[in-house]
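# got a structure for you, letters missing:
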C-alpha cells in the first residue's frame, strides 16, 4: 500500500480541482441566494450576469495588456476586475430600475419576477455576445503554476506529481477573502444587518426605518460583484465561453438549494458539496486504488459516471438532499 | 388574488420563488407635512376616525381614542370590533377617510408609519414582530436603526426590564418561546426611545403565567412615565390595569371610561365581560 | 385592484385580427422580395411549419403554466425525448444490433428501474432508523453494480456493430406517424418520474428538477451512442410525406408545376411543406380541441379552482399535488409529441442542436407573449415569436448596418456588423419584457 502516492493523486485530480470549482460555485450561489432572500425570486439571469461581468473584465484586461500593464505573476484580469464589477453593478441597477422595480411596486407574485428575469437573461446574453462574440476566450496570464509536477517530484521523490495552477490557488484565496468580507458586512455592519432584517421581516424592517430601496440597491450591487468575481475566476481557471456561463446556472442553483436557499452559509456549503460530488463521481479512481491495493486488478476505470454526465451529479445530489432535508442543509429562507 | 395578470396561478415552486410572504404595507408611500396640534389635546388622540383597508368598506366609524401622559389606555371589544384596526389607523397603516391623528401637539395624519416612528410612536405588531434569524441583540439594534447616537444605555434599560433577553442575547429570535418573543418585540419597540408605546394584543397566544408577567412589565414601563395604548383580548385583566378603557363595537365607540368604571358598568359586564 | 394597463375585457375581434395580421406577415414573406422579406413560399412555409411545431410545444407549456402554475424549465429535455421516438420506432432495424445486446440492454434498464423501485419501497415500508438507511444504501449499491455489469457489455457490443454507419440499436421500422404518439409517451413517462419527486415534497421544486432533467436528457442523447448514435446523428428518418426528388421525377407533377409556372424543384418543396403543414395542423387542432374540452369539463373547472385558490381547493379535499402531477404529465406529453414531429420534419436527429435558450426559454417567451392560460394565445405567440426569431437574423444585421453607417470603417464597425446576428437574443428579451410589462396577460388574454 502506497498511501503517499495515492494521496498525491487524490489531491491532484480530485481535491484541488474540486476546491477551486467549489469556490467558484459558492460565489455564484451566494449571489443567487442573496437575491432569493431579499427579492424573493431565483434570478435566471445570474449566469449571464456572470458572463457579462467577465466579458467586460476581459475587454479591460486586453486593454491593459495592450498598454503593457501587468501584475507580474498574477493575472492582469485582477486589475481589470473592479471595472468589470462596476459595469455589472451599474447594469444590474439599471435593470432593476427598468424592469424589476415595477413588479415590486405592483406587488406582483415573485414568479412574475422569475419570468422577467428570463427576459433579462435573453437581453444580457445578447449583450455579452455583442460585446465579445460567442467564441472561447483565454485571458489568463502571469505565472501558470504555483507548484508544477516536475518540481514536486524532485522535491518529494514521489512517483506521482502534484500541480497547483496559480488560477486554482488564486480562486481559493480570492473566494476566502470575498466570503469573509461578505460575512463581515452582513453580520457586523449596520447596512448588512439591515439587509438581513429586511430579508427576515419586510414589514418590521420598514417600521424600523430601514429604507427598502437602499436594501434592494445594495443587494444588486453585491450580487453583481459576486457574479463578476465568480465569472472571472471560472474563466481564468477554465476558459471564457458565454454558453458555459449559461450552463453553470444548474450547478449554481443546485448549490444554493442544497445549502438551503436564502442562507449564505448554505450557499458556500452547497457549492463545495456539489463540486466535490461532481468531481468525485466522474473521476476514474483506478490510479488511486492501484496505489492503495496493488494486488487488486479491477476490470474497469472505477469511474461511477462519465464526465459528460457531471450535470446529472448536481441533479442527483439535489434530489437526495431535498428528499431527506427539504429545506436544505442549512435552514434556508432568510439571509 | 383579484388580479390574474400578476398572480402566481397557484405556483408554489420553492426552487424559484421564496415562500416568505411579501410585506403587507406600502413602504414607498411618502409622508405629507405634519400640521400643528390643537389646544388642550391629550398627548395622543385619534379623533373621529372613519376608514378601512384599500377600497374596502369602512371598518371604523367616527371612532375616537385618546391617551394622556403617564396613562395606560386599552382598547377592548368583541371579535371583529375593529380594535386592531383602530390601532393601525392611529399608526398610519390604514387609509383614513375622515378624522385626524395628533401626537404631542402635532397633527401627524399625513405621515406614513415610518415617519410616525420617528415622531415618537413605538409600535409592537401582534404577529411577526421580531426578526427570527437575527439574535436578540441584533433585533434590539434594528429597533434603534433610526437613531444615530449611542444606544448602549437604552439597551441596558431594556435588559434591566427583560433580564431573560440579556441571557439570550446571542440566540436567534426564532428560537425563543412565545412569551420571550413578545418581550423581545416590546424591547425592540422601546429601542427608539418612543414617547408613546402601542401594543397590539401583546398577550395573544401566551400562557396565563407568562401573561401575568407581561402585564407586570407593561405596568412597570408605564410607571416609568411612558404612555401606553394597548389592544387586548383579555378584557378583564386589561381593564384592571387600565387608566382608561375604550370598548369598541362594530368600529365605533360604545363605552369609554376608566377601567374601574367600566368594570362596574352593568351593561359592559353583561354583554361583554360575561357576567 | 386594477393595476394593469390592459383592459380586463378585450374585444372579441382581438384574436381573429391578430391572427389575420400574422397571416399577412406570412403572405408578405411568401410574395414580397426586399430587404425584409424573402419572397419565397418555400421559406415562408418552412417558417410556418416550425412555428406550428413550436405552437404545439407552447400548448404543452401553457397547460402546465396556464392551468396549474407549474414552471417547467426543462422543455428542451422533453422535446428531445420525444424526438427519440422516431429514431427508435420508425427507422429501419440495424442488422445484428438487437442480437448484439438488445435483450441485455432491456434487462439492464429494467434492473435499474427495479432497483430504484425496490429502494423506494424499502424506504416506505421499513421503520425509521439506521437499519433503513443501510438497507437503502445496500440496495442502491448492489443495484448499481449489477446494472453496470449487465448494461456496459451490451452497450459496447452494440456500438461495435458496424460503427461507421450504425453502432446503434436501430429502430423497429414502424410507421413514423406512430412514433409521434410514442414520443408523447416517452416524455410523459419522464415527466411522471420527475413530477413524482419534485411535486411531492413540502413545497414544489419543479423548476430546478426540470432544469436538471432537461440537461440530463440532452446529455444522454449526446453521449449514449447505442441509443441514437449520439453526436454522430441519425439521418434518413422516414417521412410521412412524399420526397422532393420523387415528385420532381414524376411527369404528372412536372406538368402540374408547369401549369403553376414554377420550376419542379420549387413546386416540390412547396408540396412537401404543405403536406407537413396539413399534418401539423391536424395535430394542433386535435390538441387544442382536447385541451379546450378538458378545460370546460369538471376536471378543468377543478383545475381552475385549484389554480385560483389553492388553499380553498385543498380544504375541499382536492388533492392538489396529484392534480398538478396530472397536468404536468399531460403537458409534457404534448411537448414530447411536438419533439417527435420536429425530428420527423427534419429527418435528422442531431442532439447538439438542443439548446435550452432556443427550446426552453424561447418557448416561454411564446407562451407569455401569446397569453398565459389561453390556448389560442399560445399558438399565436408561438408562430409570431418564431417568425420574429427567424427574421431577426436577417433584420438584425440590416438594422445594425443602418446604425453603424455613420461610423468610420474599422475594427469596431466590423465587430458590430459581425456580431449583429446576436441581435435576436436582445430582441427576444425586449419583446418578453415589454409584453410582461405593458400587456401582462399577453396578446390574447385568458377569458
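Arrived safely, thanks for sending. Being a predicted model, the structure only gives us computed values, none of them experimental. Numbering: from 1, shown residues only, chains lettered A, B, ... in the order given.
# now do the SS call for residue B:204.
What DSSP: H, G, I helix; E, B strand; the rest coil gives for residue B:204 is coil.
# that one: how many residues sit nearby?
15 (other Cβ atoms under 10 Å in any protein chain shown). C-beta: built from backbone N, CA, C; applies to glycine.
# kindly report the same for residue A:218.
Neighbour tally, residue A:218, other Cβ under 10 Å: 18.
# just the pLDDT at it, thanks.
Looking at residue A:218, its pLDDT is 97.
# isn't it right up against residue A:191?
Yes. Here residue A:218 reaches residue A:191: they are 6.2 Å apart, a contact under Cβ atoms under 8 Å.
# the residue in chain C that chain B sits nearest to and chain A: what is the separation?
With Cβ to the nearest Cβ, the shortest gap between chain C and chain B falls at residue C:69, namely 3.3 Å. Distance, residue C:69 to chain A, by Cβ to the nearest Cβ, to the nearest Å: 7 Å.
# contact partners for that residue?
Applying Cβ atoms under 8 Å, 6 or more residues apart in numbering or on different chains, one finds that residue C:69 lies in contact with A:111, B:8, B:9, B:10, B:11, B:12, C:307.
# save those as JSON lines, and put in pLDDT and secondary structure too.
Output for the contacts of residue C:69, formatted as JSON lines (pLDDT from 0 to 100; DSSP: H, G, I helix; E, B strand; the rest coil):
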{"residue": "A:111", "pLDDT": "93", "secondary structure": "helix"}
{"residue": "B:8", "pLDDT": "82", "secondary structure": "coil"}
{"residue": "B:9", "pLDDT": "83", "secondary structure": "coil"}
{"residue": "B:10", "pLDDT": "81", "secondary structure": "coil"}
{"residue": "B:11", "pLDDT": "85", "secondary structure": "coil"}
{"residue": "B:12", "pLDDT": "83", "secondary structure": "coil"}
{"residue": "C:307", "pLDDT": "84", "secondary structure": "helix"}
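# okay, now residue B:57: neighbour count?
8.
# what's the pLDDT at the residue most central in space within chain C?
Nearest residue to the geometric centre of chain C (Cα atoms, centre = their mean): residue C:79, 3.5 Å. On the pLDDT scale, residue C:79 is placed at 97.
# state the three-state secondary structure for it.
What three-state DSSP gives for residue C:79 is helix.
# could you list which residues are in contact with the closest residue to it other than its chain neighbours?
Of all residues not flanking residue C:79 in the chain, residue C:339 sits nearest, at 3.8 Å (Cβ to Cβ, 6 or more residues apart in numbering or on different chains). Residue C:339 is in contact with C:57, C:78, C:79, C:80, C:81, C:82, C:83, C:85, C:183, C:187, counting by Cβ under 8 Å, 6+ apart.
# tell me how many other residues surround the fifth one.
Put plainly, it is residue C:81. 30.
# do I have it right that it meets residue C:337?
No. Residue C:81 is beyond contact range of residue C:337, at 11.0 Å (criterion: Cβ under 8 Å).
# common neighbours of those two, please.
In contact with both residue C:81 and residue C:337: C:183, C:187, using Cβ under 8 Å, 6+ apart.
# mind checking the longest helix of chain A?
Longest helix of chain A, by residue count under DSSP state H: helix A:212-237.
# pull out the buried positions in that helix.
Within helix A:212-237, the residues that count as buried by 16 or more other Cβ atoms under 10 Å in any protein chain shown are A:212, A:215-237.
# so how far is residue C:145 from the most far-flung residue of chain A relative to its centre?
Residue farthest from the centre of chain A, counting by Cα atoms, centre = their mean, is residue A:295 at 40.7 Å. Separation of residue A:295 from residue C:145 (Cβ to Cβ, to the nearest Å) stands at 20 Å.
# give me the three-state assignment for residue B:38.
Going by three-state DSSP: residue B:38 is coil.
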